[in-house]
Every structure is written in structure tokens, then in C-alpha cells.
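Visitor: this one's structure only:
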């Protein structure tokens, strides 16, 4: 029987993610706004399926990522630094549903840019809270997917496109390979997913 591992409502996680996003935004230096490239805000929604490495696990993941994008350096026109609030909902077949709530940062490289937008490569990672709180074993396997703590790390890499639709506004489409596991417990193999993201930047 599938159940949420702790009795916390979806609205509570949503509110917590938004609060984290606001906190990060409030501590970012506003000096970036005086540079040629402005601070940008955005949000993406995503979905993923399967286990990208261990394909036997029937896994689906959904979520959203509120985002702040800053120019990494005034002289580095092709590089950005991003801060994201992470809200992930994992649905593992015949096991548990659980949530991941955290913060991450990305380094974005834009090798191809034009009037239409840009192509980019991205790597990032962060830390957060997962609601599982117990080891999850797939199909009788002796190696857990995730450990028994509420502390988890996340790492990913991907590529995507930004399509300019108006002055200062762009549509964002990207692919990410994502890994989540406990950073201080090497006994869990982690969750590995392919994700497709759709978002907007302004």
C-alpha cells in the first residue's frame, strides 16, 4: 500500500518552498542590477520517469523550481549563476511517495547566443529535506534506494534552450539528469531520473 511517509499536506510543502525562495531572494546582492545584465527571476515545472541507471525501479517524479539567475561575472557574458528552490514529489511503484524540499545552485554556460535566445549547459547541486525518513528497498533488494535520515543531497546536469518572447522575458525548455541520495551514507544507491523541464524567465 502506497502512502506518504509523514502526515504533512501538499500545501505545507508548497508554502515552505516559496518561503525559502523569498529568503534567498532577499539576501542576494542588489548590486547586480546595476550591471549590463540584470538579475532575472523564473520558475520551471518538470516531470521525470523511471530510474535513469537502475531501470528496474518504476519511478516517477514531478515538481517545480523557482529560480534567481545572476550574471556570474560582468566580463563573462556566457556564464550565469542560479539559485533554485527545489520541490520534488517522488512516486515509487508499490513502495512510498515522498517529497524532497531544498535549495540548490547551478552554473550555466551559454556557448550559443542569438537574437532568438540561447542554448545552454548546466551543472548544479544542493541539499534539502526528504520526507521518507526510512530506508526504501526496491523489490527485495539488499541495497536501499535512499537512507533512513531526512537529510538528502541532490546533483544534476543538463542542457536546454531559452527562447526570447518579449523584452526581458524568455521561455525555458531543458533536460536534466538528476541524482538524489544521502550525502553522508554511501550504502544507499540513490534515485536517478531523467527530467524534462518547462519554464519562464523574466
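Guide: Right, received. Where do you want to start? Owing to the predicted nature of the structure, the values given are computational and were not obtained by experimental measurement.

Visitor: dump the residue contacts of the residue nearest the centre of the chain.
Guide: The residue lying closest to the centre of the chain (Cα atoms, centre = their mean) is residue 86, at 5.0 Å. If you count contacts by Cβ atoms under 8 Å, 6 or more residues apart in numbering, residue 86 has them with 17, 63, 65, 100-104, 126, 128, 154. (Each C-beta comes from the backbone N, C-alpha and C, glycine too.)

Visitor: three-state assignment of it?
Guide: strand (DSSP: H, G, I helix; E, B strand; the rest coil).

Visitor: Distance of it relative to residue 71?
Guide: 22 Å (Cβ to Cβ, to the nearest Å).

Visitor: ok so, going back, just the ones of the contacts of residue 86 in strands?
Guide: 63, 65, 100-104, 126, 128, 154 (DSSP state E).

Visitor: Can you tell me, leaving aside adjacent residues, what's nearest to residue 51?
Guide: residue 57 (4.0 Å; Cβ to Cβ, 6 or more residues apart in numbering).

Visitor: quick check, that neighbour in a strand?
Guide: No - Residue 57 is assigned coil when assessed by three-state DSSP, not a strand.

Visitor: And the strands in this protein?
Guide: So, for the chain - with DSSP E - the strands run 40-49, 59-73, 76-92, 97-114, 117-130, 151-166, 169-181, 191-201.

Visitor: can I get these in TSV with distance to residue 144 and mean pLDDT?
Guide: Converted to TSV, the strands of the chain look like this (distance: least, Cβ to Cβ, whole Å; pLDDT from 0 to 100):
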stretch	distance to residue 144	mean pLDDT
strand 40-49	20	95
strand 59-73	14	93
strand 76-92	12	94
strand 97-114	13	95
strand 117-130	13	96
strand 151-166	13	95
strand 169-181	10	95
strand 191-201	11	94
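
Visitor: mind putting those strands in JSON lines, distance to residue 142 included?
Guide: Output for the strands of the chain, formatted as JSON lines (distance: least, Cβ to Cβ, whole Å):
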{"stretch": "strand 40-49", "distance to residue 142": "25"}
{"stretch": "strand 59-73", "distance to residue 142": "19"}
{"stretch": "strand 76-92", "distance to residue 142": "17"}
{"stretch": "strand 97-114", "distance to residue 142": "21"}
{"stretch": "strand 117-130", "distance to residue 142": "21"}
{"stretch": "strand 151-166", "distance to residue 142": "21"}
{"stretch": "strand 169-181", "distance to residue 142": "16"}
{"stretch": "strand 191-201", "distance to residue 142": "17"}
